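Peer 1: coords please:
(2 chains)
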Amino acid sequence: MATSLAAPKQLALADLKGKVDPDWCPGCGDFGVLAAVEKALVELQIPNHNVVTISGIGCSSNFPGFINTYGMHTLHGRALAVATGVKLANHDLTVLVTGGDGDGFGIGGNHFVHTMRRNVDLLYIVMDNQIYGLTTGQTSPTSRIGMKTKSMPFGNIEAPVNPISLALAAGATFVARGFSGEQKQLIELIKQGIEHKGFSFLDVFSPCVTYNHDNTYQWFRPRVKKLEDDTAYDPTNWLAAMEKSLLWGDEIPIGIFFERTDILTLHGAEPVLNKGPLVHGDTRIPPDVARSFIEELM
Amino acid sequence: MRQTFAIGIGGAAGQGVATPGDIFAKIFSRRGLHLNAYNAYQSIIRGGHTFLTIRAGPEKVTNMGDCIDLLIPLNQDSMNRHLGLLSAGSACIYNADTIKPGAAGNCVQLCPLPVSKLADITRNKVAQNTLAIGAGLNMMGISFQALESVLTEQFKKKGEAVVTENVGIARAGYDHAAPRFKPFAWPLPMTENRYAVLSGNIAMAMGGAAAGVKFYCAYPMSPSTGVLHWMAAHARKAGIMVRQVEDEIGVVNMAIGAAHAGVRAMCATSGGGFALMSEGLGMSAMMETPVVVIDCQRAGPSTGVPTKTEQGDLWQMLGAAFGDYPRIIASPLDIGDCFKIIPEMFNLVDRFQCPGMVLCDLLLSEGRLSVDPKDLGFTPGIDRGELITRANGTPSGPGISGDYKRYKITESGISPRAIPGVPGHVHTAATDEHDEDGVLISDEFTNTVKRRAMMEKRMRKVTGIEAAIPPPALWGPRNADVTLIGWGSTSGVIEEACEILSEQGISANQLQIRWLVPLHGEAIVEILKGARHTIIVENNYSGQFARYLRSESSYVPNGYIRKYDGEPFMPHHIVEAVKEQLTGKTTLSVPAHEIMV
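Peer 2: Numbers count the residues shown, from 1 in each chain, chains lettered A, B, ... in the order given. Sure, this is the predicted structure:
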């Protein structure tokens, strides 16, 4: 064991393999996201004991069980709230939040908006398949108008949420979109999302091969256009990003819509954390401070 | 009978009821007197009716008492509501320019103040308050110097001129009273003691700081908001991360996240917010991540009566979140206990890795009590339980994840808990049922043998918790005529009711419950076995504790005293109900609150 102290072992893909294999349907887009996250972590060489992968509930939310990092499989819609607590208690940890569109934009919509405006330093990956999968195929907040599902058999009449515009409006400081079928770009987006200091939002088209027969790999492939291929596009221009976020149909942009680095993260803005992570700090209140608390009351 | 003196100050919200209250409280506590203050108010920022009772005495003052010795009505409405309730020996100081007294009882002294003659009311809008304080203190036999020093402190931030003006007005009131108003028969004594005066909310917040809480978050909700305010104001000095969150669902989840990462985390709310936290408590239990949640009860259901007290959330707490899981519920007995109970609760939840709930109520949360500073120790014992941190965690085996099992099946049901960041202990904590190593695939949680083993592992912790919590004890004489059973905040008022009953020839003792879950049902039955007549006293409609006690122990008392009008019990409510029940007239008394507040 002495050698491991002298030369820290390099993190390899095998180290990130979970205790069990994913039980997603064969062909599910989530496999591509899992593979991309593992490769990104290896490329960044972040020790897996310093990574916490946190999810809500749903097919994609089973993610933490399939990757060998610290993990939390929390409540439906609540992953971002839990993740905020984790990050504030120990900001040395790399926090990844994974989940689906129903989990993040439906039941978790409130936390989604507020975690973005707080600029909590984490990467939130939404595996967006525009359908509820684990509950066997109901309309989701990103399902298109007219889409027929078990819960809306005559077609969806509600407009879908636009996650990219919403993230921009709520103040996310890194906003990107990926596609499970574009591995190379996805790995880069995950790496940049992890390295960004602040809230990184990554919406990933992750087709559901079982319940969504509208938004398939075949449907996405000819439509997705990489933003980085447009040399004139400036991802620091918020208004341009907002405009780009509205594109949908024959052309759907993927890549980094927006990034700004001039805003403090939540943990960076809080003086209580100046001395380091809370979890490593003193438990006791210094006696003179304790005395002053009581003297105020006398 | 304990010697006490009570002042009642009534007025509209915004008329400045609080400031004279603070001044009296400070003067009393600096004289070494105990005090208890309760503010009956409405959910309104300006207007309505507010009535503050401050009761002081040389011995511990456990509740607001039955009568007012000095009434200071700041408007006609307060005069109309309260004058008729004054009894012989009491006095009423009022602004004779604007308020007309009604019919006062025998030997009630009316003390009119010609406010516009004594002070320049165009300059000082609250001159009547300051004059009344001066006059009142003169009648209590307290030196003007005591008032002058408190006023100086109170107004020093506003500058010398404001201090001089207020001291001058107070002096005019003090001197006006001397030749005209009869002093109270019992001058307030002085002692060498010095007390801190604090609310239950401040006590619980400070208790958290003393327990080593490093993460506190909340959504504002009366009557729990005082905890947030103290935490926010003292966060930087105490090194506590304090966050205001978008809703109570976010609150409990954020707190559990912080707790999971290794710090002590706490949050407070009232019944409505607690309802939203329910699912999160189940997560704390399933992930075995300790968290402490405070519920400051107010009158429900729904939005209910936001500024009024009740003990109506017991069954909500007993049933919070679905499924069976170990939980700990405790109810502080008074404001001093609000401080003590928090570190105790944290040690238990850390040891047993489960949610802990503190069932407080508006009466304690917003009431104020004098507490000996010695009882506010910031160095309670801290037991973090079986926690594996960077400091003590060594990789437990070969390979990067080791052979650590987060949910290892043990005899105690407690599995050593590693926090994220510790090498060699990588695992996933899951709200789905899981195996010893945290794996949550469908094959596992539909495995009946493993599911049963994990349920039994978690529930075995209950045995340990029961052993760690002391059973309740009977206070007062054995073989009493009547035994009064209460829980939580009714402790003080029942104690005084027992004393009054004894003075009236009815011996009474008290069994007050502090730990609600686990409940030592057998011990309670054993204590009550020999009791002659038992009555359960509680601040709710259905007798929530009585029903709970019966479900846990089959024990049925002889009678019940309940109050659910929003106001707390006064001692005479209980005394009269006990007498009524001892004659066999009824087994259920619901005392009426005579004061319209």
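
Peer 1: Just the element for residue A:294, please.
Peer 2: Element membership for residue A:294, per DSSP states H and E: helix A:287-295.

Peer 1: Could I get the phi/psi values of the residue in the stretch 51-200 of chain A that chain B sits nearest to?
Peer 2: Distances between the stretch 51-200 of chain A and chain B by C-beta to the nearest C-beta are smallest at residue A:85, namely 2.5 Å. Where you see a C-beta, it was placed from the backbone N, CA and C, and this is true even at glycine. For residue A:85, the backbone dihedrals (degrees, to the nearest 10) come out as phi -60, psi -40.

Peer 1: For it, the count of nearby residues, please.
Peer 2: The local packing of residue A:85 (other C-beta atoms under 10 Å in any protein chain shown) involves 32 other residues.

Peer 1: Could I get the contacting residues of it?
Peer 2: Each residue near residue A:85 by C-beta atoms under 8 Å, 6 or more residues apart in numbering or on different chains is listed here: B:215, B:217, B:253-261, B:265.

Peer 1: Ignoring the adjacent residues along the chain, who's closest to residue 10?
Peer 2: I'll assume chain A. Excluding its sequence neighbours, the residue lying closest to residue A:10 (C-beta to C-beta, 6 or more residues apart in numbering or on different chains) is residue A:45, at 6.8 Å.

Peer 1: wrong chain, I was asking about chain B
Peer 2: Nearest to residue B:10 is residue B:78, by C-beta to C-beta, 6+ apart, at 3.0 Å.

Peer 1: Let me know the secondary structure of the one you found.
Peer 2: Of the three states, residue B:78 takes helix under DSSP: H, G, I helix; E, B strand; the rest coil.

Peer 1: And for the residue nearest to residue A:10, the neighbour number?
Peer 2: Residues near residue A:45, counting by other C-beta under 10 Å: 9.

Peer 1: what's the spacing between the spatially most central residue of chain B and chain A?
Peer 2: In chain B, the centroid-proximal residue (C-alpha atoms, centre = their mean) is residue B:364; its distance is 2.4 Å. Distance of residue B:364 to chain A, given as C-beta to the nearest C-beta, to the nearest Å: 16 Å.

Peer 1: go on, residue B:298?
Peer 2: Distance of residue B:298 to chain A, computed by C-beta to the nearest C-beta: 24 Å.

Peer 1: tell me the contacts of that residue?
Peer 2: Listed by C-beta under 8 Å, 6+ apart, the contact set of residue B:298 reads B:222-223, B:270-271, B:304-310, B:361-362.

Peer 1: do the same with residue B:593
Peer 2: Applying C-beta under 8 Å, 6+ apart, we find residue B:593 in contact with B:563, B:565-567, B:570, B:573.

Peer 1: Sort out for me which of the residues you listed are in helices.
Peer 2: Judged by DSSP state H, the subset of the contacts of residue B:593 located in helices is residue B:573.

Peer 1: For the contacts of residue B:593, I'd like a selection string for PyMOL - just the buried members, please.
Peer 2: Typed into PyMOL, the line below selects the buried ones among the contacts of residue B:593, using 16 or more other C-beta atoms under 10 Å in any protein chain shown:
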select buried, chain B and resi 563+565+566+567+570+573
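
Peer 1: residue nearest the centroid of chain A?
Peer 2: Note: chain A centre (C-alpha atoms, centre = their mean) maps to residue A:124, 1.4 Å.

Peer 1: Looks to me like it is in a strand.
Peer 2: Yes. Membership of residue A:124 in a strand is supported by three-state DSSP.

Peer 1: contacting residues around it?
Peer 2: Going by C-beta under 8 Å, 6+ apart, residue A:124 touches A:80, A:97, A:99, A:104, A:112, A:115, A:199-202.

Peer 1: Residue A:32 versus the residue in the stretch 251-400 of chain B that chain A sits nearest to, what's the distance?
Peer 2: Closest residue of the stretch 251-400 of chain B to chain A, C-beta to the nearest C-beta: residue B:257 (2.5 Å). According to C-beta to C-beta, to the nearest Å, residue B:257 stands 28 Å off from residue A:32.

Peer 1: More neighbours: which of those two?
Peer 2: Legend: neighbour count by other C-beta under 10 Å for residue B:257 and residue A:32, higher for residue B:257 (31 against 22).

Peer 1: Return the list of helices and strands in contact with the helix or strand where the more buried one lies.
Peer 2: Taking DSSP H and E as the criterion, residue B:257 maps to helix B:248-260. Secondary structure elements in contact with helix B:248-260, counted by 3 or more C-beta pairs under 8 Å, 6 or more residues apart in numbering or on different chains; DSSP states H and E, are helix A:79-89, helix A:109-118, strand B:213-218, strand B:264-269, helix B:271-287, strand B:291-297.

Peer 1: mean confidence score for it?
Peer 2: In this model, helix B:248-260 has an average pLDDT of 98.

Peer 1: on that earlier part again, can you redo the contacts of residue A:124 as CSV with distance to chain B and pLDDT?
Peer 2: Below are the contacts of residue A:124 laid out as CSV (distance: C-beta to the nearest C-beta, whole Å; pLDDT from 0 to 100):
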residue, distance to chain B, pLDDT
A:80, 8, 98
A:97, 11, 98
A:99, 13, 97
A:104, 14, 98
A:112, 10, 98
A:115, 9, 98
A:199, 15, 98
A:200, 18, 98
A:201, 17, 98
A:202, 20, 98
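
Peer 1: close to chain A, is the helix or strand hosting residue B:23?
Peer 2: For residue B:23, the host element (DSSP H and E) is helix B:18-30. Yes. Using C-beta under 8 Å from any C-beta of the partner chain, we find that helix B:18-30 touches chain A at B:29-30.

Peer 1: who touches that helix?
Peer 2: For helix B:18-30, the external contacting residues (C-beta under 8 Å, 6+ apart) are A:298, B:7, B:9, B:35, B:37, B:39, B:52, B:54, B:56, B:72, B:126, B:129-130, B:132-133, B:136-137, B:142, B:146-147, B:150-151, B:153-154, B:188, B:194-197, B:368, B:370.

Peer 1: Can you list which of the residues you listed are found in strands?
Peer 2: Applying DSSP state E to the contacts of helix B:18-30, the entries found in strands are B:7, B:9, B:35, B:37, B:39, B:52, B:54, B:56, B:72, B:196-197, B:368, B:370.

Peer 1: which of those lies closest to chain A?
Peer 2: Of those, the one sitting nearest to chain A (C-beta to the nearest C-beta) turns out to be residue B:196, at 3.9 Å.

Peer 1: Contacts only, for that closest one.
Peer 2: Each residue near residue B:196 by C-beta under 8 Å, 6+ apart is listed here: A:294, A:297-298, B:29, B:370-373, B:376.

Peer 1: which one of these sits closest to residue B:228?
Peer 2: Nearest to residue B:228, judged by C-beta to C-beta, of these is residue A:297 at 17.7 Å.

Peer 1: Let me know the pLDDT of the residue in the stretch 451-597 of chain B positioned nearest to chain A.
Peer 2: Closest to chain A within the stretch 451-597 of chain B is residue B:454: 14.7 Å, counting by C-beta to the nearest C-beta. Among the per-residue scores, residue B:454 holds a pLDDT of 96.

Peer 1: Doesn't it lie inside a strand?
Peer 2: No. In this structure, residue B:454 is helix, not part of a strand, as judged by three-state DSSP.

Peer 1: any idea whether residue B:594 is helix, strand or coil?
Peer 2: Once three-state DSSP is applied, residue B:594 turns out coil.

Peer 1: now residue B:429
Peer 2: strand.

Peer 1: what bridges to it?
Peer 2: Residue B:429 forms beta bridges with residue A:72, as assigned by DSSP bridges.

Peer 1: what is the mean pLDDT for the helix ranked longest in chain A?
Peer 2: When chain A is scanned for its longest helix (criterion: DSSP H), the result is helix A:30-44. Across helix A:30-44, pLDDT averages out at 98.

Peer 1: Having no further points to raise, I will conclude here.
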